[in-house]
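Q: sharing a model prediction with you, sequence too.
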Amino acid sequence: MTAHTLPTPAEFCGWGGSTAAAREIQHQLAEKVVLTDDFGLLKVVAGVDVGFEDGGKITRAAVVLLDAETLEPLGHALARIPTCMPYIPGLLSFRELPAVLQALDSLDQTPDLIFSDGHGIAHPRGLGIAAHLGVVTGLPTIGVAKKILTGFHQPLGEQRGHQVDLVDKAGKVIGTVLRSKDKVRPLIISPGNRVSLESAAQLVMRYVTRYRLPEPTRLADRLASRRDEKRVAVSK
DNA sequence: GCGACAG
DNA sequence: ATCTTGTCGC
C-alpha cells in the first residue's frame, strides 16, 4: 500500500530506485497536503527523530509520546533497521521514514499530533519529511528544522517568540522562522499536514520550555542519538 | 556552468 | 547525522 508513497528501502539500495522517481512521488504527494487545522483537542503529542549507529550502517528512529497538557511522558518506541540510502538534500524522507514508520507502528497509542525533525512544506517540492510523514500516516504533523533548506526571510527579532515568514521565490509563505529562546539560532517551522502555518508556530511555542527545541522533538532527539548513554560513557 | 543543500 | 575536550560567554 505504501509502494506508491514510499519506495521500499530495498528499491533504493544500490540505486535501484532513481532520484527522479523519488522527486516525482514528492510532487504527487505534495498535492495531498492539507493546511487546515482539522484536529480536535490534543490529548497525546509525539516527537520523532532519527539517529545513526555503527558509522551510519544502522538507522535508528525514536518516537516519544507526551501528554499534550502536562508534557508527562506516556511512552516511547525505537526502531533500528539497516541503512540503505545515502543522505541527499531534498530526499531525506526516503532515507529516514521507513524506520520512523516502523517505530510508530510499534506504539500502542496513536498521537494526535507529531513534531518531526526536519521540514514540512518548506521544501523544494513542498514535501519535506514532516509533510511526507503526515500524508503517509494521515496524522497532523509539524516540521521543526534547525536550518533552512529553501526559502528566504526578513531580519528576525532577538527575543523569544519573535518570528518572521519564510517565503519561496514566488513570494509564497512556506514556513516561519521562530526564535524559540533569547539568544539562540532560530528554528524553522513549517506545517507538515493538517496544520496551518499560524498554528504550526504557535504549537511549537506551546511546547518549548527552557530549551531551544520543543519538548517532543528534544526528547525524541535524545533517544535517537543516545545522548544519555554517551554522556555516561564520556564522564566515566 | 556554479553554488546551495533538512538530517 | 556523526567523529569529539575544552572553553568562551550569557
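A: Noted; the coordinates are in hand. Residues are numbered from 1 along each chain as shown, chains lettered A, B, ... in the order given.
Q: where does chain A get nearest to DNA strand C, residue-wise?
A: Proximity of chain A to DNA strand C (C-beta to the nearest atom of the strand) peaks at A:Gly51, 3.2 Å away. The way it works is simple: take the backbone N, C-alpha and C, and place the C-beta from them, glycine included.
Q: can you give me the neighbour number for that residue?
A: A count of nearby residues for A:Gly51, using other C-beta atoms under 10 Å, gives 22.
Q: ok so it is a strand residue?
A: Yes - assigned with DSSP: H, G, I helix; E, B strand; the rest coil, A:Gly51 falls within a strand.
Q: does stretch A:128-142 come close to DNA strand C?
A: No - if you take C-beta under 7 Å from any atom of the strand as the test, stretch A:128-142 misses DNA strand C, and the best it gets is 11.7 Å.
Q: and that stretch, how far apart are its ends?
A: Terminal residues of stretch A:128-142 lie 10 Å apart, using C-alpha to C-alpha, to the nearest Å.
Q: before we move on, what about stretch A:139-153?
A: Counting by C-alpha to C-alpha, you get 28 Å between the two ends of stretch A:139-153.
Q: and it, what's buried?
A: Neighbour-count burial for stretch A:139-153 flags A:Leu139, A:Pro140, A:Thr141, A:Ile142, A:Gly143, A:Val144, A:Ala145, A:Leu149, A:Thr150, A:Gly151, A:His153 (criterion: 16 or more other C-beta atoms under 10 Å).
Q: wait, doesn't A:Thr59 sit right on A:Phe94?
A: No - the criterion here is C-beta atoms under 8 Å, and A:Thr59 misses it with A:Phe94 at 11.5 Å.
Q: any low-confidence regions in chain A?
A: Applying pLDDT under 70 to chain A flags residues A:1-5, A:7-16, A:230-236.
Q: from A:Gln154, how far out is the closest residue in space to the residue of chain A closest to DNA strand C that isn't next to it in sequence?
A: Leaving aside its chain neighbours, A:Gly51 sits nearest to A:Ala224 (3.7 Å; criterion: C-beta to C-beta, 6 or more residues apart in numbering). Per C-beta to C-beta, to the nearest Å, A:Ala224 is found 33 Å from A:Gln154.
Q: likewise A:Gly75?
A: 41 Å.
Q: those two: which is more packed in?
A: A:Gly75 (14 against 9).
Q: give me phi/psi at the more buried one?
A: With angles defined as degrees, to the nearest 10, A:Gly75 sits at phi 160, psi 170.
Q: and what of A:Ala99?
A: phi -70, psi -40.
Q: that one against A:Thr59, yeah?
A: Yes - with contacts counted by C-beta under 8 Å, A:Ala99 reaches A:Thr59, the gap being 4.6 Å.
Q: thought A:Gly134 was touching A:Arg194?
A: Yes - A:Gly134 is within contact range of A:Arg194, at 6.4 Å (criterion: C-beta under 8 Å).
Q: all helices of chain A, in order?
A: Along chain A, the segments classed as helices by DSSP state H run A:9-12, A:19-30, A:92-105, A:129-137, A:197-206, A:215-225, A:227-235.
Q: right, so those: which one is the most enclosed?
A: By mean neighbour count, with neighbours taken as mean count of other C-beta atoms under 10 Å, helix A:129-137 ranks first of the helices of chain A at a mean of 27.
Q: can I get it in PDB, CA atoms only?
A: Output of helix A:129-137 as PDB, limited to C-alpha atoms (Å, rounded to 0.1, in the frame of the first residue of the first chain):
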ATOM      1  CA  ILE A 129       9.900  14.700   5.800                       C
ATOM      2  CA  ALA A 130       7.300  16.100   8.100                       C
ATOM      3  CA  ALA A 131       4.800  16.600   5.300                       C
ATOM      4  CA  HIS A 132       5.600  13.200   3.800                       C
ATOM      5  CA  LEU A 133       5.100  11.600   7.200                       C
ATOM      6  CA  GLY A 134       1.800  13.400   7.600                       C
ATOM      7  CA  VAL A 135       0.400  12.300   4.200                       C
ATOM      8  CA  VAL A 136       1.500   8.700   4.700                       C
ATOM      9  CA  THR A 137       0.100   8.400   8.200                       C
END
